[in-house]
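> next comes the sequence, and after it the predicted model I'd like to discuss.
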Amino acid sequence: MNLPAESVLTPPPSVAPVKGQPYQPGAPFPQGATWDGAGVNFALFSEASESVELCLFDQPGQKVETKRIRLRERTNGIWHIYIPGLGPGQAYGYRVHGPYEPQNGLRFNPHKLLLDPYVKAIARELKWADELFGYGVGHAEEDLSFDERDSAAFAPLGMVVDDSFDWSGEQRPSVAWHETAIYEAHVRGLTRLHPDVPENLRGTYAGAASEPILRHLKQLGVTAIELMPVHHFLHDRHLIDKGLRNYWGYNTLGFFAPEPSYAAQRSDPGDVIREFKEMVKRFHHAGIEVILDVVYNHTAEGNQLGPTLSFRGIDNLAYYRSVADQPRYYMDYTGCGNTLNMTHPHSLKLLMDSLRYWVNEMHVDGFRFDLAAALARELHDVDRLGAFFDTIYQDPVLATIKLIAEPWDLGPGGYQVGNFPVGWAEWNGKYRDTVRKFWKGDLGVHSDIATRLNGSADLYERTRRLPSASINFVTAHDGFTLQDLVSYDHKHNEANQDENRDGTDDNNSWNCGHEGPTDDPMILELRERQKRNFWCTLLFSQGVPMICGGDELGRAQQGNNNSYCLDNEISWSNWHLDKPQRAFFEFAASVVQYRRRHPNFHRRSFYETDPDAAVQGENVEWFRSDGEKMESRDWEDGGWMRTLGMFLRGDAPEIRDHAGKHVDDDDFLLLLNAHHEPVKFRIPAKLTPPGWRVVFDTAQPNLPADGKPVPKSRPITLTGRSFVVLNRKR
């Protein structure tokens, strides 16, 4: 169906210039709506369109625009105009004319009001209605039909903003990668139940950086907070119909606009931006970096049956990857209906402009890229030397910040752990799986657990990357919490109203003998010990630890491992701690703080030589429980082994401070016993000089602050399923 633009919409009446001043051609850059103090420049990329109209609304609540202005200038595919007299607070959207040929991937429909992809503030959020779809919902031809109803009354609106903000006194923490410890959190869930956060700030940007939260994070000892998606996102229609919400937020519509529902002050959309900036400023004052979890792999418009809200109606083929011989359909490497087209230079530019905006204007310190493998696909395969990586590598703003990949997507060959380029860190899914299997008691993982404890050199050293390339995690927002990991063998996602079909069945979890809550004291003690085992493994592994927010508080989700749609107590952090939860938090914080004080646990590199060192090649050593050094046959044939000792020399050359200077630390001996029965571990003969002290024992969480001495010539008894840390001053 090919409908000329003028045939589907009556040409608008002539519009008087704002305040009597003539419109000016404007400039193609910067894109979006830019106020310069005297007027606003509007610039919209739409290469395949025939014409574009700018729609101005006097009030965000209006059902139709007050003015409709046809743009006359187009430069290299970018339509632009400058309107004197306009300023911050102006609500706007676009109508884009062109052919409607879904079978050819063209979906222009000027009856649909469209959100500017570069919009910085949301003046009005979407209200679901059939009018938002470019085709007739329920029509026999589905998306091949054409809908002539106006969507302006239901569509989201953008707003012109003033970007100015007083950053005086702010200083970025700039924490070295190898000294980083990350706390993953949800802006709303973090404070929704916190009794000490003012009620009007709970669940907001202001609440996230309130004094009680800053105090908690500093007591815990983390250096960075990683916020789940804060780009403006949509709640899927099918979730709203069920009374659910897109709680996690992995459904982006605006890559520049902070999500307005997370702001305490929302009377003016500009307040949302200012509140976000104030949050970042407060985190920085506390020495905590801000990392954003970003979703550039797809948008909220979904597949061919999704709504026409922005990108689809502006230039569908430029923004989305289509099936080569059937452009009506989208390539879906994300499981969300579409994939952003990183092979098109403008889509790549959109992504880069968005990243630079959040660094330069919002002062964030890094990004975690959701389903990053989808961004790295050139034609079909994931290409570690693709345009996406090349562009970031050459960008002076982005090349120096923290870049974290979720190194997989849902397409073929999408699991790319260990394959991202130098300069990138990765969520290490192999670390998570190995650690879970080891403490569950699986056989044959002793070699893998050693590799993961030592920074996953098999994944990163071969490409000359550092241990900090490995973002180590045992739990994350996606999956069981730490409490549920030791309480459930199976997922329990009934609250999602999908008959427990969603979420993964592959959890590598163990309920310690009973599914779900129990009053059995032996099971409860074992669960707490297992939690301490996981926690110590995470914090004493080489690499960058990532804590799932709420794990330190004993947060549980009733066995739900996919709480993406639950904006309620199941997902929110619980701050009303009982005695066991308080005890676990105190233990957890002591472990994180201890790690921070000892650079031996976060070495800068895998291996370095030092001509002045007395010993070379023995900076990390592995021992059996009889005190003998692990040999090749032990690694190859010892599939039955569940007990290991890891010795970390305190004078290893790869131990460095934040400035890269070598520093000495204490010696450490980590003893892991995943066997269900006690095991006697003899300190190796070469390490027998006196001075060893037990500083952590997951079977005895209340050791003295300075630990307890180890008797000479006596083996250490490791409780079944326990982790022991020995320290020796140099």
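Sure thing, it's come through. Quick caveat, the model's predicted, so the values are computed rather than measured.
> which stretches in the stretch 201-350 of the chain count as helices?
According to DSSP state H, counting those that start in this stretch, the stretch 201-350 of the chain carries its helices in the segments 205-208, 211-220, 237-241, 269-285, 311-319, 345-360.
> return the most buried member of the ones you listed.
Neighbour counts (mean count of other Cβ atoms under 10 Å) averaged over each of those peak at helix 205-208, with a mean of 26. (C-beta placed from N, C-alpha, C; glycine too.)
> that helix - contacts with which helices or strands?
helix 187-191, helix 269-285 (3 or more Cβ pairs under 8 Å, 6 or more residues apart in numbering; DSSP states H and E).
> chain center to the shortest one: distance?
Per Cα atoms, centre = their mean, to the nearest Å, the displacement of helix 187-191 from the mean C-alpha position of its chain is 15 Å.
> show residues contacting that helix.
197, 201-205, 207-208, 210, 213, 227-228, 230, 247, 259, 261-262, 549-550, 567, 571-573 (Cβ atoms under 8 Å, 6 or more residues apart in numbering).
> just the ones of those residues in strands?
Counting by DSSP state E, the part of the contacts of helix 187-191 found in strands is Leu227.
> helix, strand, or coil at the closest residue to Met630 other than its chain neighbours?
Residue nearest to Met630 in three dimensions, not counting chain neighbours: Trp622, with 4.1 Å by Cβ to Cβ, 6 or more residues apart in numbering. Classification of Trp622 using DSSP: H, G, I helix; E, B strand; the rest coil returns strand.
> ok, Phe146 touching Tyr100?
Yes - Phe146 lies in contact with Tyr100 (Cβ atoms under 8 Å); the separation is 5.5 Å.
> so for those two, which sits in the more crowded spot?
Counted by other Cβ atoms under 10 Å, Phe146 and Tyr100 do not tie: Tyr100 has more neighbours, with 24 against 18.
> Leu648 versus Asn619, what's the distance?
Per Cβ to Cβ, to the nearest Å, Asn619 is found 8 Å from Leu648.
> any idea what the most centrally placed residue in the chain is bridged to?
By Cα atoms, centre = their mean, the chain has its centre lying nearest to Asp293, at 2.9 Å. Asp293 has these beta-bridge partners by DSSP bridges: Arg368.
> the chain should start at 38 in everything you say after this.
Okay, using 38 as the starting number, the last item reads as Asp330.
> contacts only, for it.
Each residue near Asp330 by Cβ under 8 Å, 6+ apart is listed here: Glu221, Glu263, Leu264, Met265, Pro266, Phe404, Arg405, Asp407.
> so can I have TSV of the helices and strands packed on helix 242-245 showing mean pLDDT?
Putting the helices and strands packed on helix 242-245 into TSV (pLDDT from 0 to 100) gives the following:
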stretch	mean pLDDT
helix 224-228	98
helix 306-322	97
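> which one of these lies closest to Ala192?
Closest approach to Ala192 among these is made by helix 306-322 (15.4 Å; Cβ to Cβ).
> what comes into contact with the closest one?
125-126, 157-160, 196, 198-200, 202, 204, 206-210, 241-243, 245-246, 251, 262, 267, 294-295, 297, 299-303, 326-327, 399-401.
> quick one: it to helix 382-397, angle?
Put simply, helix 306-322 runs at 60 degrees to helix 382-397, going by axes from the mean of the first three to the mean of the last three Cα atoms, to 10 degrees.
> distance from helix 306-322 to the middle of the chain?
The answer for helix 306-322 is 19 Å, by Cα atoms, centre = their mean.
> could you do stretch 746-756 as well?
Mean-position distance between stretch 746-756 and its chain equals 43 Å (Cα atoms, centre = their mean).
> buried ones in it?
For stretch 746-756, burial by neighbour count (16 or more other Cβ atoms under 10 Å) applies to Val747, Ile753, Leu755, Thr756.
> let's see which of these end up in strands.
Among those, the members falling in strands (DSSP E) are Ile753, Leu755.
> closest to Asp485 among the buried residues of stretch 746-756?
Asp485 lies nearest to Leu755 out of those, by Cβ to Cβ, at 20.0 Å.
> what residues are up against the nearest residue to the closest one once chain neighbours are set aside?
Using Cβ to Cβ, 6+ apart and skipping the chain neighbours, the partner closest in space to Leu755 is Asn710 (3.9 Å). Taking Cβ under 8 Å, 6+ apart, we find Asn710 in contact with Arg679, Thr680, Val716, Phe718, Leu755, Thr756, Gly757, Arg758, Ser759, Phe760, Val761.
> quick revisit: and the contacts of helix 306-322, which of them are buried?
Taking 16+ other Cβ under 10 Å as the criterion, what is buried in the contacts of helix 306-322 is 125-126, 157-160, 196, 198, 200, 202, 210, 241-243, 245-246, 251, 262, 267, 294-295, 297, 299-301, 326-327, 399-401.
> how far away is the residue lying closest to Gly240 once chain neighbours are set aside from Trp612?
Counting by Cβ to Cβ, 6+ apart, the nearest residue to Gly240 once its immediate chain neighbours are dropped is Arg225, at 4.1 Å. Separation of Arg225 from Trp612 (Cβ to Cβ) stands at 14 Å.
> ok, those two, which is more surrounded?
Legend: neighbour count by other Cβ under 10 Å for Arg225 and Trp612, higher for Arg225 (23 against 20).
> which residues in the stretch 338-487 of the chain form strands?
359-360, 363-367, 403-406, 439-442, 462-464 (DSSP state E, counting those that start in this stretch).
> checking Leu91 next. Helix, strand or coil?
Once three-state DSSP is applied, Leu91 turns out strand.
> surely it and Tyr129 touch.
Yes - using Cβ under 8 Å, Leu91 is in contact with Tyr129, at 6.4 Å.
> common neighbours of these two, please.
Shared contacts of Leu91 and Tyr129 (Cβ under 8 Å, 6+ apart): Phe79.
> can you put the contacts of Asp330 in TSV and add neighbour count, distance to Val472 and pLDDT?
What follows is those, written out as TSV (neighbours: other Cβ atoms under 10 Å; distance: Cβ to Cβ, whole Å; pLDDT from 0 to 100):
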residue	neighbour count	distance to Val472	pLDDT
Glu221	24	17	99
Glu263	25	19	99
Leu264	26	25	99
Met265	23	22	98
Pro266	21	26	98
Phe404	24	25	98
Arg405	25	20	98
Asp407	24	22	97
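> list just the nearest of those to Lys616.
Glu221 (26.1 Å).
> quickly note the distance from the closest one to Pro266.
Glu221 is 12 Å from Pro266, by Cβ to Cβ.
> now swap in Arg719 and tell me
Distance from Arg719 to Pro266, counting by Cβ to Cβ: 50 Å.
> now Phe425
In this view, Phe425 and Pro266 are 19 Å apart by Cβ to Cβ.
> quick revisit: in CSV, list the helices and strands packed on helix 242-245 along with distance to Ser384.
Formatted as CSV, the helices and strands packed on helix 242-245 follow (distance: least, Cβ to Cβ, whole Å):
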stretch, distance to Ser384
helix 224-228, 27
helix 306-322, 24
